[in-house]
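[1] my questions are about this predicted structure, shown below with the sequence.
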Amino acid sequence: MRLQARHNRVLRKTTVGAMIISIVVTVEACGRDATPPPPSSAQRPVQPAPPATSLPNEERRGSVIYQSRGRRDPFRPSRVVIAEKPPTVDLTLTGIVRGAHSFYAMVESEVSPGMGYIIRENDVVDSAKVVKITRDSVVFEVPTKNSEGKLITRYVEKHMPTGLSR
């Protein structure tokens, strides 16, 4: 308790000292007149303004001239809108088999060749849902984002390679 009281007294003395110093500095700064009085008109003769002429090259060297070549226009948007890419499904349709009540499709992954799947309607493969399987094609539903960032659904249709379908 004593230590805290002593600490408070020291802190109070330091704060009071800092306030006194800041008041003295402020009074001194405000007491002086920072701007000298304007010279009387009798002391200085009136000189006419120099004629407006172009400056010689030596004097113009210190000035800055803006070169816009190779720079972007600051008044155009910096974000360039990129055209939407069509959705893709990284699968190759290798065969379609007709079952008792529906079709089954055999697909091979393009990302990891040799990896095959047997799929049917409503299966999900690599974030693409199988919507419909016909005799010669498979329709996938792919969620994608448009240029504004909104989630939309696109459809991708994969066909059997020519010569394999009947």
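    That came through fine.
[2] could you find the closest non-adjacent residue to residue 157?
    In this structure, residue 157 finds its nearest non-sequential neighbour in residue 139, 5.0 Å apart by CB to CB, 6 or more residues apart in numbering. No exception for glycine: its C-beta is placed from N, CA and C like everyone else's.
[3] count of residues packed around that neighbour?
    Residue 139 has 16 neighbours, counted by other CB atoms under 10 Å.
[4] quick one: the host helix or strand of it to chain centroid distance?
    According to DSSP states H and E, residue 139 maps onto strand 137-145. Counting by CA atoms, centre = their mean, to the nearest Å, strand 137-145 is centred 29 Å from the centre of its parent chain.
[5] please export the C-alpha coordinates of it as PDB.
    Extracted C-alpha coordinates of strand 137-145, given in PDB (Å, rounded to 0.1, in the frame of the first residue of the first chain):
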ATOM      1  CA  SER A 137     -24.100 -38.700 -73.500                       C
ATOM      2  CA  VAL A 138     -23.900 -37.700 -69.800                       C
ATOM      3  CA  VAL A 139     -25.000 -34.300 -68.500                       C
ATOM      4  CA  PHE A 140     -23.200 -32.900 -65.500                       C
ATOM      5  CA  GLU A 141     -24.400 -30.000 -63.300                       C
ATOM      6  CA  VAL A 142     -21.400 -27.800 -62.300                       C
ATOM      7  CA  PRO A 143     -21.600 -25.000 -59.700                       C
ATOM      8  CA  THR A 144     -19.400 -22.000 -60.900                       C
ATOM      9  CA  LYS A 145     -19.000 -18.300 -60.100                       C
END
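[6] name whatever forms a beta bridge with residue 145.
    Residues in a beta bridge with residue 145, per DSSP bridges, are residue 151.
[7] doesn't residue 18 belong to a strand?
    No. In this structure, residue 18 is helix, not part of a strand, as judged by DSSP: H, G, I helix; E, B strand; the rest coil.
[8] for residue 147, report the pLDDT, please.
    If you check residue 147, the pLDDT there is 71.
[9] burial count for it?
    Residues near residue 147, counting by other CB under 10 Å, number 9.
[10] and what about it, helix, strand or coil?
    Secondary structure, three-state DSSP: residue 147 is coil.
[11] quick one: it from residue 131, how far?
    Noted for residue 147: a distance of 24 Å to residue 131, by CB to CB, to the nearest Å.
[12] picking that back up, which of the residues in the strand holding residue 139 are buried?
    When neighbours are counted by 16 or more other CB atoms under 10 Å, the buried residues of strand 137-145 are found to be 137, 138, 139, 140, 141, 142, 144.
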